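Asker: Quick one, structure for this:
(one chain, ligands or ions: 1)
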Amino acid sequence: MKILSVVGARPQFVKLAPIARAAASAGVEHTIVHTGQHYDPMLSDVFFSELGISAPDVHLGVGSGSHGVQTGAMLGALDAVFDEHRPDWVLVYGDTNSTLAAALSAVKLHLPVAHLEAGLRSFNRRMPEEHNRVLTDHAADLLLAPTATAVEHLRDEGLAERTVLVGDVMTDVLYQVRDAIGDTPSALIDRLGLEPHGYYLATIHRADNTDEADRLRDIVAGLAACDRPVVLLAHPRLVAKAAEHGITLSSGALVEHPPLAYADLLSAAMGSRGVITDSGGLQKEAFLLRVPCTTVRTETEWVETVDLGWNVLVPEARRIPAAAARPTPSPTDVTPYGDGRAAERVIRELLDRA
Ligand code: UD1
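Answerer: Numbering: from 1, shown residues only. Take a look at the predicted model:
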């Protein structure tokens, strides 16, 4: 069997790592196509080297642009790649513009498409990721759902027959890397002179939070007013938008820091008092590490993190300091995101249908 993975943005490289490993152990031929949506070394190359993923077989070098320009450039380039490789399965990941472009190109070439992380919904139609998820799920032949909630959403949309619950592949990689880190403290603590469990770790990059000057200014003020240092891992989009709007990212409690590689991110989260974010992946990573999370959004796709008390949604920026300082919730050992062996299941499902 021959599978072809299309990835392009940071969270997709994390998801690719366990899939690449499981494909290799099953003796499955695996071609990796990188669209080039993310091109900064700290958003791309570092994940390949750190997580032991072989270099992409094909790199489209598409880069940044408006949604239409970026997605269109990928679509234009992918037809020829798919035609040349003719895989048994095209595997697409998550909800980025790279996901949608690959699903669309493959389905039109009559290549079977599997969507990993299918069925997540925010029900917020302003989010580009929501457009990408819904359209990709309806285009794909096999929907690999990470959670029981995702399975329900797919059933509600009439897609039950194409759906399989496999668990969450980010859990696979998180468990492996967490165990490798062990008790080693985060290098960030020494470097920035922080107290262990005496700081918050923050990321903000969603268009809804960064693109309007007033919204971004309110969020930065909310973070700056926290009761402990807030290490803000600044995504290039945030840096670009803050500069455009004339907003300083290091003020009050805020300490601006470049993005971290995966293991450094996990150990920085583990060493923190809490995470403040608008990232989908980091909400779930915080839960899996049992670090309280404050999510600067009106809704989340990972509803289990909220239901279990480890995540609170705080769309009003002025409420960030109080939410972040809330007491740590009571322990739980439930596993809504699977057992850390989702990638093996994915490869098995693909093999069964090849
Ligand atoms: C994309 C995904 C989002 C995901 C995020 C993870 C879509 C619609 N969004 O958002 O779901 O959570 O990746 O990070 O696909 N930039 C750089 N260097 C890079 C990449 C981006 O400087 O390597 C800057 C550019 O100014 C660019 C902006 O960031 O215009 C936005 O990048 P883009 O890839 O369009 O979306 P993300 O915000 O990263």
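
Asker: Doesn't Ala351 lie inside a helix?
Answerer: You called it Ala, but residue 351 is Leu. Yes - counting by DSSP: H, G, I helix; E, B strand; the rest coil, Leu351 is found in a helix.

Asker: Can we start the residue count at 468 from this point?
Answerer: Sure, I'll start numbering at 468, so the last one becomes Leu818.

Asker: what's the neighbour count on it?
Answerer: 16 (other CB atoms under 10 Å). Where you see a C-beta, it was placed from the backbone N, CA and C, and this is true even at glycine.

Asker: Now do Ala821, the pLDDT please.
Answerer: Each residue has a pLDDT score; the one for Ala821 is 86.

Asker: tell me the contacts of it?
Answerer: By CB atoms under 8 Å, 6 or more residues apart in numbering, the contact set of Ala821 is 468, 555-556.

Asker: From these, pick the one nearest Arg673.
Answerer: Using CB to CB, Trp556 comes nearest to Arg673 of the contacts of Ala821, at 30.5 Å.

Asker: Quick check: the closest one touching Asp819?
Answerer: No - Trp556 is beyond contact range of Asp819, at 11.2 Å (criterion: CB atoms under 8 Å).

Asker: More neighbours: these two, which one.
Answerer: Trp556 (25 against 8).

Asker: ok, Arg592 - contacts?
Answerer: With contacts defined as CB under 8 Å, 6+ apart, Arg592 is in contact with His598.

Asker: can I get the contacts of Ala821 in a markdown table with distance to Ile486 and pLDDT?
Answerer: Shown next, in a markdown table, are these (distance: CB to CB, whole Å; pLDDT from 0 to 100):
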| residue | distance to Ile486 | pLDDT |
| --- | --- | --- |
| Met468 | 13 | 95 |
| Asp555 | 15 | 98 |
| Trp556 | 11 | 98 |
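
Asker: In JSON lines, list the residues you listed along with distance to the ligand and secondary structure.
Answerer: Putting the contacts of Ala821 into JSON lines (distance: CB to the nearest ligand atom, whole Å; DSSP: H, G, I helix; E, B strand; the rest coil) gives the following:
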{"residue": "Met468", "distance to the ligand": "28", "secondary structure": "coil"}
{"residue": "Asp555", "distance to the ligand": "26", "secondary structure": "coil"}
{"residue": "Trp556", "distance to the ligand": "22", "secondary structure": "strand"}
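
Asker: Which secondary structure element is home to His497?
Answerer: For His497, the element it lies in under DSSP states H and E is strand 496-501.

Asker: ok, and the closest non-adjacent residue to whatever residue of the stretch 668-817 of the chain ends up closest to the ligand?
Answerer: Of all residues in the stretch 668-817 of the chain, Pro703 sits closest to the ligand, at 3.1 Å by CB to the nearest ligand atom. Leaving aside its sequence neighbours, Pro703 sits nearest to Asp507 (CB to CB, 6 or more residues apart in numbering; 5.8 Å).

Asker: Start and end of stretch 485-499, how far apart?
Answerer: Taking CA to CA, to the nearest Å, the first and last residues of stretch 485-499 lie 13 Å apart.

Asker: and it, which residues are buried?
Answerer: 485-490, 495, 497-499 (16 or more other CB atoms under 10 Å).

Asker: now stretch 632-650
Answerer: Quick answer for stretch 632-650 (16+ other CB under 10 Å): 632-642, 644-645.

Asker: Can that stretch be said to contact the ligand?
Answerer: No - with CB under 6 Å from any ligand atom as the criterion, the ligand is not reached by stretch 632-650; the gap is at least 12.6 Å.

Asker: Helices of the stretch 618-767 of the chain, start to end?
Answerer: 636-648, 654-658, 674-677, 680-691, 703-712, 729-737, 747-756 (DSSP state H, counting those that start in this stretch).

Asker: Including mean pLDDT, could these go into CSV?
Answerer: Shown next, in CSV, are the helices of the stretch 618-767 of the chain (pLDDT from 0 to 100):
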stretch, mean pLDDT
helix 636-648, 97
helix 654-658, 95
helix 674-677, 96
helix 680-691, 98
helix 703-712, 97
helix 729-737, 98
helix 747-756, 97
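
Asker: ok, the closest residue to Arg785 other than its chain neighbours to Leu518 distance?
Answerer: In space, and not counting its chain neighbours, Arg785 is closest to Gly689: 5.8 Å by CB to CB, 6+ apart. With distances taken as CB to CB, to the nearest Å, Gly689 is found 33 Å from Leu518.

Asker: And Leu578, by the same measure?
Answerer: For Leu578, the distance to Leu518 equals 26 Å [CB to CB].

Asker: And for Arg682?
Answerer: 33 Å.
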